[in-house]
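Peer 1: pasting the structure only:
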């Protein structure tokens, strides 16, 4: 498995609406494996294909975390078919917005229909952190980032901090 470079905002690929996968191929399965390895290495609990520069509707999640790696999920063409009316706040972060966090309110539960890595249709009911993570990653497939769910003032603050982070990390790499 290959660790892929993660795109950092404001990379334009993070605002692209991704294309549906018509037929699941070996190349798609390899990409999902690479995405999972990249997510664990980062470390994170979710990763969407555009975050590694691929505009396909594919995400990986594992809310057990990079140390345990107990519950990896690979979702192709995920679609939310139901969401609870109850909203749940969560302090979200994102691998494409390193070290940046903001509270986002999302439906507390969702039902998702998707294809697994064998091209088989699956249905998943998620609540808690899994629900939040899946919604966050599906947003990426539509060119929506977690900062798009917060006020302009907070978004501007996050983007300023992110620019500072990028300068610090590019200087450290030289």
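Peer 2: Perfect, thanks for sending it. Please read all numbers here as calculations on a predicted model, not as lab measurements.

Peer 1: Helices of the chain, residue ranges please.
Peer 2: Secondary structure of the chain, counting by DSSP state H: helices at 26-41, 128-141, 152-173.

Peer 1: Please work out the angle formed by the directions of the shortest one and helix 26-41.
Peer 2: Here helix 128-141 points in a direction 130 degrees away from that of helix 26-41 (axes from the mean of the first three to the mean of the last three Cα atoms, to 10 degrees).

Peer 1: which residues of this protein fall in strands?
Peer 2: According to DSSP state E, the chain carries its strands in the segments 46-48, 58-61, 73-83, 87-94, 97-107, 109-115, 121-127.

Peer 1: quick one: average pLDDT of the third one?
Peer 2: In this model, strand 73-83 carries a mean pLDDT of 98.

Peer 1: Same question for that strand: list its buried residues.
Peer 2: By neighbour count with 16 or more other Cβ atoms under 10 Å, strand 73-83 contains the buried residues 73, 74, 75, 76, 77, 78, 80, 83. Where you see a C-beta, it was placed from the backbone N, CA and C, and this is true even at glycine.

Peer 1: Please list the outside residues in contact with it.
Peer 2: With contact meaning Cβ atoms under 8 Å, 6 or more residues apart in numbering, strand 73-83 is reached by 20-21, 24, 28, 32, 36, 57-62, 107, 109-117, 119, 123-124, 134-135, 137-138, 141.

Peer 1: neighbouring strands for that strand, and are they parallel or not?
Peer 2: When pairing is defined by DSSP bridges, strand 73-83 lines up against strand 58-61 (antiparallel), strand 109-115 (antiparallel).
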